[in-house]
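Peer 1: Have a look at this prediction, sequence included:
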Amino acid sequence: MEATKTTQPQMATAEMVPAETVPVEMPLPGGAPQENRNPKEKSLQNKICDLAGPNPAHSLDELNKDIQLHPQSPEAYLHRGQAYLYDGDTDNALKDFNQAVALNPKFAQAHIGISRTYQCLTKYQLAFGELQRAEALAGNSDLATSALWENAFLHREVNQMDIALEQYNAVLKKGLVGRSRQAFAQFQRGELYMRIGKFDKARPDIDAAIKVDPDVVIFRLARSHLFESLNKPDQALAEINQAIAIEQRKDRADSQGDLGWHLGQLYEARATLYRRLGRKDLAARDWKAQRGYQRNMVDMMPFRTDP
């Protein structure tokens with residue numbers, strides 16, 4: 001199978017998910033967590049290629065040498081394919097994933113790689129098919145459930161909600177390894193319910209996710225939006241305040257750039273809510289704070305120099 005190389009593959013918009021380890025380093029549906037992404041990489045957040053995972057630990061030169069040493073290793077081609085996919089090189093990524101399958105026709109992870117490449121190319125029907133193959137090959141393992149989870153996520157993002165809901169239900173019934181992964185799948189189903197206006201069913205899923213991981217900011221923001229939809233502005237405001245408090249507790253020394261980026265977004269969200277509540281003074285205060293974080297982020301850009 002061949003694909004046209006593209007440097008900026010597009011995706012259906014998706015929320016970010018916690019970066020936990022999946023078997024053979026296959027990341028979770030939705031990519032890396034939004035709160036852990038570097039501000040300079042924001043353009044990557046709207047690409048299914050986020051599913052290639054974090055910046056590969058090994059350079060392409062190292063991965064090329066690994067293939068030279070182990071030319072019959074499907075894992076070597078899988079890892080290089082993931083590196084190509086991270087770089088947006090869908091042509092070479094697809095070649096490597098297909099070579100991994102040629103070496104091991106039962107290699108479920110390689111079919112997931114092929115699917116993600118097709119997702120980058122917006123060839124969703126082909127992507128669905130590869131995920132189904134991966135699920136079938138993986139048997140009753142957690143990898144099979146993870147492939148089904150990714151299929152549910154993708155169907156949700158292309159607005160095939162009935163199929164997505166059925167698949168999310170199956171994923172949650174089977175169960176995923178790791179409480180945080182199970183919680184995030186439940187959160188995503190809660191968001192699905194919100195999108196189709198079933199707020200009574202969304203609330204238990206989002207509440208359950210927060211109970212497991214109370215410091216995941218996007219869980220809090222989703223519950224804030226849910227409370228807004230239920231006309232409970234005070235509770236919506238409380239959730240945004242919680243999200244801001246979580247960000248402020250983060251280690252500034254380790255993630256000053258990320259902290260400023262996300263606090264700016266959160267202050268903007270709270271300002272919008274204050275404005276809806278008629279609290280123009282508090283809204284103005286948060287808008288001012290948001291602009292301050294924006295200026296700080298520009299000052300931190302590596303290419304910026306003082307006049």
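Peer 2: Sure, I can see it.
Peer 1: Show the contacting residues for the closest residue to Val212 other than its chain neighbours.
Peer 2: Nearest non-adjacent residue to Val212, counting by C-beta to C-beta, 6 or more residues apart in numbering: Ala183, 3.8 Å away. Bear in mind the C-beta positions are built from the backbone N, C-alpha and C, glycine included. Contact partners of Ala183, counting by C-beta atoms under 8 Å, 6 or more residues apart in numbering, are Ala208, Ala209, Lys211, Val212, Asp213.
Peer 1: for the helix or strand harbouring Ala93, packing partners?
Peer 2: Secondary-structure assignment from DSSP states H and E places Ala93 in helix 90-103. Packed against helix 90-103, as judged by 3 or more C-beta pairs under 8 Å, 6 or more residues apart in numbering; DSSP states H and E, are the following elements: helix 74-86, helix 108-120.
Peer 1: In PDB, list the C-alpha atoms belonging to the last one.
Peer 2: Meaning helix 108-120. What follows is helix 108-120, C-alpha atoms only, in PDB (Å, rounded to 0.1, in the frame of the first residue of the first chain):
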ATOM      1  CA  ALA A 108      -1.200  -6.300  15.800                       C
ATOM      2  CA  GLN A 109       0.900  -3.200  16.800                       C
ATOM      3  CA  ALA A 110       1.900  -2.800  13.200                       C
ATOM      4  CA  HIS A 111      -1.700  -2.800  12.000                       C
ATOM      5  CA  ILE A 112      -2.300   0.000  14.600                       C
ATOM      6  CA  GLY A 113       0.500   1.900  13.100                       C
ATOM      7  CA  ILE A 114      -1.000   1.500   9.600                       C
ATOM      8  CA  SER A 115      -4.300   2.700  11.000                       C
ATOM      9  CA  ARG A 116      -2.800   5.800  12.500                       C
ATOM     10  CA  THR A 117      -1.000   6.600   9.200                       C
ATOM     11  CA  TYR A 118      -4.400   6.400   7.400                       C
ATOM     12  CA  GLN A 119      -5.900   8.600  10.100                       C
ATOM     13  CA  CYS A 120      -3.200  11.200   9.300                       C
END
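Peer 1: Touching whatever helix or strand comes next after that helix from outside, list them.
Peer 2: Downstream of helix 108-120, the next assigned helix or strand under DSSP H and E is helix 124-137. The contact list for helix 124-137, computed with C-beta under 8 Å, 6+ apart, reads 106-109, 111-112, 114-116, 118-119, 143-144, 147-148, 150-151, 154-155, 158.
Peer 1: export stretch 73-93 as PDB, just CAs?
Peer 2: Extracted C-alpha coordinates of stretch 73-93, given in PDB (Å, rounded to 0.1, in the frame of the first residue of the first chain):
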ATOM      1  CA  SER A  73      12.900  -7.700  13.100                       C
ATOM      2  CA  PRO A  74       9.300  -6.500  12.800                       C
ATOM      3  CA  GLU A  75       9.800  -4.500  16.000                       C
ATOM      4  CA  ALA A  76      12.600  -2.500  14.400                       C
ATOM      5  CA  TYR A  77      10.400  -1.500  11.500                       C
ATOM      6  CA  LEU A  78       7.600  -0.700  13.900                       C
ATOM      7  CA  HIS A  79       9.800   1.700  15.900                       C
ATOM      8  CA  ARG A  80      11.100   3.500  12.800                       C
ATOM      9  CA  GLY A  81       7.600   3.700  11.400                       C
ATOM     10  CA  GLN A  82       6.500   5.400  14.600                       C
ATOM     11  CA  ALA A  83       9.400   7.900  14.300                       C
ATOM     12  CA  TYR A  84       8.500   8.700  10.700                       C
ATOM     13  CA  LEU A  85       4.900   9.200  11.700                       C
ATOM     14  CA  TYR A  86       5.900  11.500  14.500                       C
ATOM     15  CA  ASP A  87       7.700  13.600  11.900                       C
ATOM     16  CA  GLY A  88       4.600  13.600   9.600                       C
ATOM     17  CA  ASP A  89       6.300  11.400   7.000                       C
ATOM     18  CA  THR A  90       3.300   9.200   6.200                       C
ATOM     19  CA  ASP A  91       4.900   7.600   3.100                       C
ATOM     20  CA  ASN A  92       7.900   6.100   4.900                       C
ATOM     21  CA  ALA A  93       5.800   5.400   8.000                       C
END
